[in-house]
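Enquirer: okay, here's the prediction I keep looking at, along with the sequence it came from:
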Amino acid sequence: MLYGLMTEEINHSYEGGLYADLVRNRTFHSDPDKPVHWSAVVGSGARASIAIDKSTGPSEALPISLKLTIEQADDSHRAGVQNEGFWGIAVRPNTTYKGSFYAKGGSEQVGPLTVSLINDYTGETAASATVQTSGTEWKQYTYELKTGAVETSSANHLVFTAGHPGTLWLDLVTLFPPTYDNRPNGDRIDLMQKMAAMHPAFLRFPGGNYLEGDYINERFEWKKTIGPLVDRPGHPSPWRYWSTDGMGLLEFLDWCEELHMQPLLAVYAGYSLRGEHVEPGPALQPYIDDALEEIEYVTGGADTKWGAVRARDGHPKPFSLSYVEIGNEDWFDKSGSYDGRFAQFYDAIKQKYPQLQLIATTPVKSRKPDVIDDHFYRRADQFFSDTHHYDNTSRSGPKIFVGEWATREGSPTPNFNAALGDAAWMTGMERNSDIVIMASYAPLLVNVDPGAMQWQTDLIGFNALTSYGSPSYYAQVMFAQHLGDELIAAKLEGGGPRLFYSVTRNSQSGVMDLKIVNASATPQSLDIDLQGASSVGSTAKLTTLSATTPRDTNTITEPTKIVPVESTIQASGTHLNHTFAPYSISVVEVPAK
């Protein structure tokens, strides 16, 4: 379980990131008064305007819409509206894009709509479709845009035009490229592939601050994130932009299923970021009931109330759930209420679901949690000096979940010094993984376009078109891909002060994985004596991640400047000798019996 994923709606991780919809401000909630990221399209000889209309929408959840008023237009002089996407819309050749929208017309119909993907600079049309709209009641319409031999580019926008005067209201406008596993309302392929390469064992969701919200009424309310998109009102993210909740509770669970991860569900526990909290006792009970119903939605059979709702939403089979976290970073709650709040949640959940392991976000006295969630955001030197952090931790429990951690050096993604700090810290967690059972780097994702980032440093960078892994990302991949199920007693003698290590073994194959981190500026020559091994293969596989200077890094324009390189080491009996390069992270894979 050691290595997993933690994400939340920050740095446009979902909206404009992992969640694949390409339309920005699709429900017109980003600004209450202005249709931001939308603009009127007025051809020569045409007249039109757009505005937010707060009096009508396609559902109770979506009560506002975009009103398009076309005063003058014909087939040769068209008018309409366009969306800029999230810093552009990625268009690729020979690709099918699927979209939908809700619309209703005024008494004077604007006639059929032409939906197009248009290049920002050339004005050329990459793909186009015609949609017949009619009637003065809200209806959903679908469309497909198929590109031909166009140039791959993110400099595109989505356009709706008509050739007749009239009024049209639009809402919940979507456009999806092909998604991972072709799942409807799904996720971006390249980002899912990068996460899959990390071999994550679990996903902590729906995230940290995103779970709590700035205020109680801005928390992640899971019941408002399930079912048809038109019934999801969305809510403000604490990172200052709107979340449509297209990435809802079931989508998180689908994500776990697609990447073969265990879900680690965090439930709202009565505290929000700006200090609002709910006192233990009767006032807290509705939130506990909500958490119990959420667990039932995840794990209940189709014969249960909320399991039946999940089945209605498209997933009849229950999900397996072992861990539930109660709240997030409750050490920020200065009221001192978490001890009582945790106890009330603990008792109720354990009574109904005694098999669940419950995670506290800070030490408590009222109950003994199964797991404690530790968070660390540090500089590399701090991690270098603290790799023995858990060596003397009591083994009587609770277990440790390092739910958020990162070396914060480099922007928007880590430089190599950060990767060295991360790798050094991971060797310490591995050496103590009898007590440190789970760990997840945070934040995981960042949109590197101007204005998209709220937090540095982040593991994977992306823009509308492409993505890249940071040096820290590749360190994570290396460690997770070479992780045994047994700890091996190991001792390092004579190494320098910035030399770190861990050793694990696969009990089935016998393969031992030695992780060596040389964070110094000088090479380190090591004699490796595999005591207790009856035989060792003649060669060991060596995977190395290294850089010329600690400041080196990967970027959106140089995505593979620093990547793992594979080679071999010759073995002699049960001995190996190798000189580990300065500023390097190495994994030695030894076939041994």
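Expert: Right, received. Where do you want to start?
Enquirer: tell me the average confidence for stretch 92-103?
Expert: Stretch 92-103 shows a mean pLDDT of 98 in the predicted model.
Enquirer: now stretch 543-562
Expert: Averaging pLDDT along stretch 543-562 gives 98.
Enquirer: same check, this time on stretch 184-192
Expert: Mean pLDDT, stretch 184-192: 98.
Enquirer: and it, how far out from the chain middle?
Expert: Taking Cα atoms, centre = their mean, to the nearest Å, one finds stretch 184-192 lying 11 Å from the centre of the chain it belongs to.
Enquirer: and that stretch, which residues are buried?
Expert: Residues of stretch 184-192 classed as buried by neighbour count (16 or more other Cβ atoms under 10 Å): 185, 186, 187, 188, 189, 191, 192. The way it works is simple: take the backbone N, C-alpha and C, and place the C-beta from them, glycine included.
Enquirer: pretty sure residue 34 sits against residue 66.
Expert: No: counting by Cβ atoms under 8 Å, residue 34 sits too far from residue 66 to count as a contact (10.7 Å).
Enquirer: what sits in contact with each of these two?
Expert: residue 52 (Cβ atoms under 8 Å, 6 or more residues apart in numbering).
Enquirer: and those two? which has more neighbours close in?
Expert: Under the criterion of other Cβ atoms under 10 Å, the comparison of residue 34 against residue 66 puts residue 66 first, with 25 against 13.
Enquirer: so what's the more buried one closest to, chain neighbours aside?
Expert: Of all residues not flanking residue 66 in the chain, residue 170 sits nearest, at 4.7 Å (Cβ to Cβ, 6 or more residues apart in numbering).
Enquirer: residue contacts, residue 125?
Expert: 116, 117, 118, 119.
Enquirer: my error: substitute residue 430 in the last question.
Expert: 2, 479, 483, 487, 502, 504, 515.
Enquirer: quick check, pLDDT for it.
Expert: Looking at residue 430, its pLDDT stands at 97.
Enquirer: phi, psi for it please.
Expert: When read as degrees, to the nearest 10, the backbone of residue 430 gives phi -60, psi -40.
Enquirer: how close does it get to residue 437?
Expert: Residue 430 sits at a distance of 12 Å from residue 437 (criterion: Cβ to Cβ, to the nearest Å).
Enquirer: and the closest residue to residue 284 other than its chain neighbours, how many neighbours?
Expert: Nearest non-adjacent residue to residue 284, counting by Cβ to Cβ, 6+ apart: residue 278, 4.9 Å away. Applying other Cβ under 10 Å, we find 19 residues neighbouring residue 278.
Enquirer: and the helices in this structure, which stretches?
Expert: For the chain, the helices defined by DSSP state H occupy 189-196, 209-212, 249-258, 285-299, 305-312, 338-352, 380-384, 416-431, 471-481.
Enquirer: as a markdown table, the ones you listed with distance to residue 74 would be great.
Expert: Putting the helices of the chain into a markdown table (distance: least, Cβ to Cβ, whole Å) gives the following:
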| stretch | distance to residue 74 |
| --- | --- |
| helix 189-196 | 41 |
| helix 209-212 | 48 |
| helix 249-258 | 43 |
| helix 285-299 | 52 |
| helix 305-312 | 46 |
| helix 338-352 | 63 |
| helix 380-384 | 64 |
| helix 416-431 | 59 |
| helix 471-481 | 53 |
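Enquirer: pick the most buried one from these.
Expert: Of all those, helix 416-431 carries the top mean neighbour count, a mean of 27, counting by mean count of other Cβ atoms under 10 Å.
Enquirer: what's the pLDDT at residue 591?
Expert: 88.
Enquirer: give me every residue that touches it.
Expert: Contacts for residue 591 (Cβ under 8 Å, 6+ apart) come out as 509, 510, 511, 536, 537, 540.
Enquirer: run a quick neighbour tally on the first one.
Expert: If I follow you right, that is residue 509. Counted with other Cβ under 10 Å, residues neighbouring residue 509 total 11.
Enquirer: how about the third one?
Expert: Residue 511 is flanked by 19 other residues according to other Cβ under 10 Å.
Enquirer: I'd say it and residue 593 touch.
Expert: No: taking Cβ under 8 Å as the definition, residue 511 is not a contact partner of residue 593, at 9.9 Å.
Enquirer: low-confidence stretches in the stretch 451-593 of the chain?
Expert: Residue ranges of the stretch 451-593 of the chain with pLDDT under 70: 532-535.
Enquirer: from residue 364, how far off is the closest residue to residue 496 other than its chain neighbours?
Expert: Excluding the flanking residues, the one nearest residue 496 by Cβ to Cβ, 6+ apart is residue 520, at 5.2 Å. Remark: distance between residue 520 and residue 364 (Cβ to Cβ) = 41 Å.
Enquirer: ditto for residue 525
Expert: For residue 525, the distance to residue 364 equals 48 Å [Cβ to Cβ].
Enquirer: tell me the domain boundaries of this protein?
Expert: The chain breaks down by automatic domain parsing into domains covering 38-176, 201-369, 486-591.
Enquirer: and the ones you listed as JSON lines, adding distance to residue 417?
Expert: Output for these, formatted as JSON lines (distance: least, Cβ to Cβ, whole Å):
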{"stretch": "domain 38-176", "distance to residue 417": "29"}
{"stretch": "domain 201-369", "distance to residue 417": "25"}
{"stretch": "domain 486-591", "distance to residue 417": "3"}
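Enquirer: confidence score at the nearest residue to residue 355 once chain neighbours are set aside?
Expert: Spatial nearest neighbour of residue 355, excluding adjacent residues (Cβ to Cβ, 6+ apart): residue 322 at 7.7 Å. Looking at residue 322, its pLDDT stands at 98.
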